[in-house]
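K.L.:
coordinates only, no sequence provided:
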């Protein structure tokens, strides 16, 4: 009994999409992989910090109304800020060791681009 071609093509398509979503680290050293992951964490914490600044309550002079923040919001701000600083310190250490973060990230982005027209 022959397999249904449409179902087979659908399975191939789903498999290709699943493989395409995976992050690839081909050709990177273990230390470069750590750099990439640290840089990604730093970018994520920056996004979270920007979201915090966007939604923080404001005074009349457009400054953050710190007294109107709840304890949980203050703890979240401190946590995000601490994690962002920790990631930044790790990035600076790697740069001091002689790694070029920009070149590593450029190679990583080229390897993991999801666009057809790159």
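P.N.:
Right, received. Where do you want to start? Keep in mind that this is a model prediction, so the values were computed, not measured. Residues are numbered from 1 along each chain as shown.

K.L.:
same question for stretch 70-83: list its buried residues.
P.N.:
Under the neighbour-count criterion of 16 or more other Cβ atoms under 10 Å, stretch 70-83 has 77, 80, 83 buried. (Glycine included, C-beta is placed from N, CA and C.)

K.L.:
next one: it to chain centre, how far?
P.N.:
How far stretch 70-83 lies from its chain's middle: 19 Å, per Cα atoms, centre = their mean, to the nearest Å.

K.L.:
same thing with stretch 63-83?
P.N.:
On Cα atoms, centre = their mean, the centre of stretch 63-83 falls 22 Å from that of its chain.

K.L.:
name the surrounding residues that touch it.
P.N.:
For stretch 63-83, the surrounding residues in contact (Cβ atoms under 8 Å, 6 or more residues apart in numbering) are 41, 45, 48-49, 52-53, 56-59.

K.L.:
quick one: average pLDDT of it?
P.N.:
For stretch 63-83, mean pLDDT is 92.

K.L.:
just to check, residue 84 is in contact with residue 44?
P.N.:
No - the criterion here is Cβ atoms under 8 Å, and residue 84 misses it with residue 44 at 9.1 Å.

K.L.:
neighbour count winner among these two?
P.N.:
Remark: of residue 84 and residue 44, residue 84 carries more neighbours, 18 against 14, as counted by other Cβ atoms under 10 Å.

K.L.:
does residue 72 sit in a helix, a strand or a coil?
P.N.:
Secondary structure, DSSP: H, G, I helix; E, B strand; the rest coil: residue 72 is helix.

K.L.:
flag the shaky bits of this protein, pLDDT-wise.
P.N.:
Applying pLDDT under 70 to the chain flags residues 1-3, 16-21, 114-118.

K.L.:
quick check, central residue of it?
P.N.:
By Cα atoms, centre = their mean, the chain has its centre lying nearest to residue 40, at 3.6 Å.
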